[in-house]
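Engineer: When you get a sec, could you give me coordinates for this:
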Amino acid sequence: MKSPNQNKFFIINLIIVLVFSSAYIETEDELENVFSVHDQSLLSVLYMQTSAEFIANNLQVYENAAKAIDLALSDKSWSAAIEQNGDFSKKLPAIIIDVDETVLDNSPYQARAIKDNFGYPNGWIEWGLEESASSVAGAKKFLDYAKSRDVKIFYVTNRVPELREATINNFKKVNIPFNEKDDVLFMRDINKDKTNRRIAIAEEHRILLLIGDQLTDFISIKESTKDFNQRKEIATKYHDMWGKKWFIITNPVYGRWEDSLYDFERPDSINELIKKRKESLNTK
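Structural biologist: Sure thing, here's the model as predicted:
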């Protein structure tokens with residue numbers, strides 16, 4: 001049996017929860033959907049963490065990327081960066097690779113978000129500072145091979161600058177090749193667009209390959225900010241780049257593919273968010 005003080009403590013806490021929730025949760029349905037919106041990521045995260053198929057796909061991507069390095073080195077007219085112009089045949093060879101979900105696996109963060117019912121960006125910085133992400137299957141072997149072929153590796157990420165040291169430490173813990181004597185880690189700039197960072201790298205290097213998990217690891221934010229049907233057309237537009245100069249890792253959990261469902265304006269209402277997701281389903 002609870003004491004009067006315990007009952008009082010419970011009531012106070014319940015009031016606090018309801019007060020702070022009322023600004024966002026308007027109905028009982030929304031209260032229920034607070035939990036279901038995170039659960040919608042459950043199968044995606046489980047796919048990343050438990051499926052042999054996910055590992056096989058990543059290994060396949062990186063094995064083919066390693067073969068592409070050999071082809072790229074033998075062809076001085078080869079560049080993977082659409083921003084690269086002029087005569088780059090004598091420039092030093094390099095690759096540009098994303099970090100999150102491409103080199104480092106952050107699925108434990110996503111799993112915590114589901115279990116503890118919170119969403120990005122809550123807890124993201126703390127996760128990064130733990131320096132505990134494992135490497136994506138195939139990434140280390142591929143990067144070791146690139147290094148053995150004297151190909152410079154540039155890591156271009158949209159992690160915030162405060163995670164720079166933690167990111168480098170995480171690389172070391174999973175034995176990802178990293179040259180501390182050179183500036184090869186490009187953190188987020190003001191607008192998150194990686195185009196200018198690719199241009200900067202291309203000034204001194206011939207870009208052999210681009211590797212990432214988002215369209216924006218290959219093209220500009222402006223070009224990729226379209227509705228989901230137009231984005232699929234963009235993927236088709238560059239059909240001759242995929243698997244040759246561009247290599248993409250599957251990310252079913254988050255990204256601009258989801259943002260496109262909401263016209264890049266995430267709804268304030270959870271009910272509206274779930275409604276837009278369902279409206280995007282194709283049932284034919």
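Engineer: going forward, measure contacts between C-alpha atoms and count neighbours the same way
Structural biologist: Fine.
Engineer: can you tell me which helix or strand Ile199 belongs to?
Structural biologist: helix 195-202 (DSSP states H and E).
Engineer: which parts of that helix are buried?
Structural biologist: 195, 197-199, 201-202 (16 or more other C-alpha atoms under 10 Å).
Engineer: just curious, which of these is nearest to Arg277?
Structural biologist: Using C-alpha to C-alpha, Thr195 comes nearest to Arg277 of the buried residues of helix 195-202, at 29.3 Å.
Engineer: Phe218 versus that closest one, what's the distance?
Structural biologist: Separation of Thr195 from Phe218 (C-alpha to C-alpha, to the nearest Å): 8 Å.
Engineer: Could you do Lys67 as well?
Structural biologist: Lys67 sits at a distance of 19 Å from Phe218 (criterion: C-alpha to C-alpha).
Engineer: Which of the two has more residues huddled nearby?
Structural biologist: Neighbours around Lys67 and Phe218, counted as other C-alpha atoms under 10 Å, are more numerous at Phe218. The numbers are 28 against 13.
Engineer: wait, doesn't the more buried one sit right on Phe247?
Structural biologist: No. Phe218 lies out of contact with Phe247 (C-alpha atoms under 8 Å); the separation is 9.3 Å.
Engineer: list the helices and strands the longest helix seen in the chain packs on?
Structural biologist: Longest helix of the chain, by residue count under DSSP state H: helix 52-74. When contacts are defined as 3 or more C-alpha pairs under 8 Å, 6 or more residues apart in numbering; DSSP states H and E, helix 52-74 sits against helix 42-50, helix 139-148, strand 205-212, strand 246-248.
Engineer: out of the ones you listed, deepest packed?
Structural biologist: Stretch with highest mean neighbour count among the helices and strands packed on helix 52-74: strand 205-212 (a mean of 26; mean count of other C-alpha atoms under 10 Å).
Engineer: Report all helices and strands that that one contacts.
Structural biologist: Packed next to strand 205-212, using 3+ C-alpha pairs under 8 Å, 6+ apart, are helix 52-74, strand 92-97, strand 246-248.
Engineer: any idea which of those is most buried?
Structural biologist: Mean neighbours per residue, mean count of other C-alpha under 10 Å, is largest over those for strand 92-97, with a mean of 24.
Engineer: what's the next secondary structure element after it?
Structural biologist: That would be, after strand 92-97 and using DSSP H and E, strand 104-105.
Engineer: which other residues reach the next helix or strand after that next one?
Structural biologist: As assigned by DSSP H and E, the chain's next helix or strand after strand 104-105 is helix 107-116. The contact list for helix 107-116 (C-alpha atoms under 8 Å, 6 or more residues apart in numbering) reads 38-39, 41-42, 45, 48-49, 119-120, 123-124, 127, 133.
Engineer: Tell me which two in these are the farthest apart.
Structural biologist: The most widely separated members of the contacts of helix 107-116 are Asp39 and Ala133, with 22.1 Å between them, by C-alpha to C-alpha.
Engineer: Please say which of those two ends up with more neighbours.
Structural biologist: Shown here are Asp39 and Ala133; by other C-alpha under 10 Å, Ala133 has more neighbours (22 against 17).
Engineer: So Arg188, which state does it fall into?
Structural biologist: coil (DSSP: H, G, I helix; E, B strand; the rest coil).
Engineer: Next up, the contacts around the closest residue to it other than its chain neighbours.
Structural biologist: Leaving aside its chain neighbours, Arg188 sits nearest to Asn158 (4.1 Å; criterion: C-alpha to C-alpha, 6 or more residues apart in numbering). With contact set as C-alpha under 8 Å, 6+ apart, Asn158 has these partners: 187-189, 192.
Engineer: re the thing from before, so can I have TSV of the helices and strands packed on helix 52-74 showing mean pLDDT?
Structural biologist: Formatted as TSV, these follow (pLDDT from 0 to 100):
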stretch	mean pLDDT
helix 42-50	98
helix 139-148	99
strand 205-212	99
strand 246-248	99
